[in-house]
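Peer 1: A predicted structure for the sequence below; I have some questions about it.
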Amino acid sequence: MGVYQGVVAPLLFRFDPERTHEATLRALTLAQNNPAGRRLLRALAGDLPASPVNLFGLRFPNPIGVAAGFDKDARVVPGLAALGFGHIEVGTLTPRPQAGNPRPRIFRLPQDGALINRMGFPNAGVAAAVDHLRALGSARGDAMVGVSLGKQKETPLADALADYLAVMRAVFPVADYLAVNVSSPNTPGLRELQGGDYLAHLLAGIRAENERLATQHSLSVRPWLVKIAPDLDWPELDALLAAAETAGASGVIATNTTLSRAGVRGSARAETGGLSGAPLRARSQEMVAYIHRHGGGRLPIVGVGGVRRPADALQLLDAGASLVQVYTGLVYEGPGLAGRIVRALAKAGYRPEPPPSPTPAPPGAGELPTVG
């Protein structure tokens, strides 16, 4: 057991989870903004072997990233990059600032290695995040930056496309890739966007706007991925994958949090919201393997769910994922997690397979413009 698990985590777990998370963001902000702090973050990451992944026409320095929800407003991208993450997915963003659901809305389940959250997309609005992303310049290093797109809580599903497009227009010049979040369980009705006419309409609109924005900004189209729920059955998943492929999606993110409480023992298991962490591991691996097997590799996969140790990441990669994201694992394993996983993958001889459908890299990819 390391210092974080034995000393730091027990201390942090004495405080409210959301306040602890906010304190973590403030500490990362402080560290990333001064040379001594950046050196400390890089020391926590340790030596990182070269493990590049070429995917979506982008070059990820390694396959390990941070899932959306950790850095909702793009405040700590440089700090997370210094900790060794090869990509950071910020958001989920909405067109206007949104408070999210009432507190408390995050619950730890330490004996399960899990969290339950019912955040409801709290964020300062897309304009604030864009300001942060434009100011990055070279501070984020080689890490790729994705943006998770969402809708306002009060927007009817029939009008959801307008919200997704509003966020997309704002972030298009400053995002390396886009993630379409239609699977959070914490915005009423949102998961209905994963099926039927809603999904086809939404994805067709995103594809058309991607092409229009590329022309407007003299850039290549941005890679865009659909984030899916682990609670879909196989026919529902088949339909979603078919719709994503028809619409020209670049890939899928599997998976979001789950409503299932199977095998969960913690006293907070009765709380409403999405469950993440170790209990989701087997289902995420199952879904990644299914998508890879039945999709013939046509839709690259970002695997998410229950990644706490290097073996968890390797199992997702072996199941067919091209990239892996963590969130809850950071809470339980600490800031050195990315470095430990990247080193372990290299030691295990992991070599990423070439992407199934390579596309030209977008001009300016990996180079977010600076303010002014």
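Peer 2: Thanks, I have the structure now.

Peer 1: tell me where the stretch 201-350 of the chain has strands.
Peer 2: 224-228, 251-254, 274-277, 301-304, 323-326 (DSSP state E, counting those that start in this stretch).

Peer 1: those: which one's closest to residue 106?
Peer 2: Closest to residue 106 of the strands of the stretch 201-350 of the chain is strand 274-277 (C-beta to C-beta; 10.3 Å). C-beta here means a position set from N, CA and C on the backbone, and glycine is covered the same way.

Peer 1: for that closest one, packing partners?
Peer 2: Judged by 3 or more C-beta pairs under 8 Å, 6 or more residues apart in numbering; DSSP states H and E, strand 274-277 is in contact with strand 114-117, helix 328-333.

Peer 1: got those as TSV, with mean neighbour count and mean pLDDT columns?
Peer 2: Output for the helices and strands packed on strand 274-277, formatted as TSV (neighbours: other C-beta atoms under 10 Å; pLDDT from 0 to 100):
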stretch	mean neighbour count	mean pLDDT
strand 114-117	26	97
helix 328-333	23	97
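
Peer 1: go through these and name the closest to residue 89.
Peer 2: Across the helices and strands packed on strand 274-277, residue 89 has its closest neighbour in helix 328-333 (13.3 Å, C-beta to C-beta).

Peer 1: what does that closest one rub up against?
Peer 2: Residues outside helix 328-333 that contact it (C-beta atoms under 8 Å, 6 or more residues apart in numbering) are 4-5, 9, 66, 70, 108, 110, 113-115, 276-278, 306-309, 312, 337, 340.

Peer 1: now, these that are in helices?
Peer 2: 9, 312, 337, 340 (DSSP state H).

Peer 1: low-scoring stretches of the stretch 251-372 of the chain, by residue?
Peer 2: 353-372 (pLDDT under 70).

Peer 1: just the stretch 101-250 of the chain next, same as before
Peer 2: Ranges of the stretch 101-250 of the chain meeting pLDDT under 70: 186, 195-196.

Peer 1: switch to 90 and redo it
Peer 2: By pLDDT under 90, the low-scoring segments of the stretch 101-250 of the chain are 137-141, 157-158, 182-201, 236, 239.

Peer 1: quick one: the helices in it?
Peer 2: For the stretch 101-250 of the chain, helices defined by DSSP state H, counting those that start in this stretch occupy the ranges 126-134, 160-171, 196-217, 234-247.

Peer 1: adding mean neighbour count and distance to residue 49, write the ones you listed out as a markdown table.
Peer 2: As requested, the helices of the stretch 101-250 of the chain are exported to a markdown table (neighbours: other C-beta atoms under 10 Å; distance: least, C-beta to C-beta, whole Å):
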| stretch | mean neighbour count | distance to residue 49 |
| --- | --- | --- |
| helix 126-134 | 19 | 28 |
| helix 160-171 | 21 | 31 |
| helix 196-217 | 16 | 34 |
| helix 234-247 | 16 | 33 |
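
Peer 1: redo those helices as JSON lines? Include distance to residue 75.
Peer 2: Formatted as JSON lines, those follow (distance: least, C-beta to C-beta, whole Å):
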{"stretch": "helix 126-134", "distance to residue 75": "6"}
{"stretch": "helix 160-171", "distance to residue 75": "15"}
{"stretch": "helix 196-217", "distance to residue 75": "25"}
{"stretch": "helix 234-247", "distance to residue 75": "30"}
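
Peer 1: what residues are up against the most centrally placed residue in the chain?
Peer 2: In the chain, the residue lying closest to the centroid (C-alpha atoms, centre = their mean) is residue 67, at 2.6 Å. Contacts of residue 67 were listed using C-beta under 8 Å, 6+ apart, and they are 89, 304, 325-327.

Peer 1: residue 157 against residue 194, yeah?
Peer 2: No. Contact criterion C-beta atoms under 8 Å: residue 157 and residue 194 do not qualify, at 11.1 Å.

Peer 1: more neighbours: those two, which one.
Peer 2: residue 194 (23 against 15; other C-beta atoms under 10 Å).

Peer 1: circling back to that earlier point, could the helices and strands packed on strand 274-277 go into a markdown table alongside distance to residue 129?
Peer 2: Shown next, in a markdown table, are the helices and strands packed on strand 274-277 (distance: least, C-beta to C-beta, whole Å):
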| stretch | distance to residue 129 |
| --- | --- |
| strand 114-117 | 19 |
| helix 328-333 | 20 |
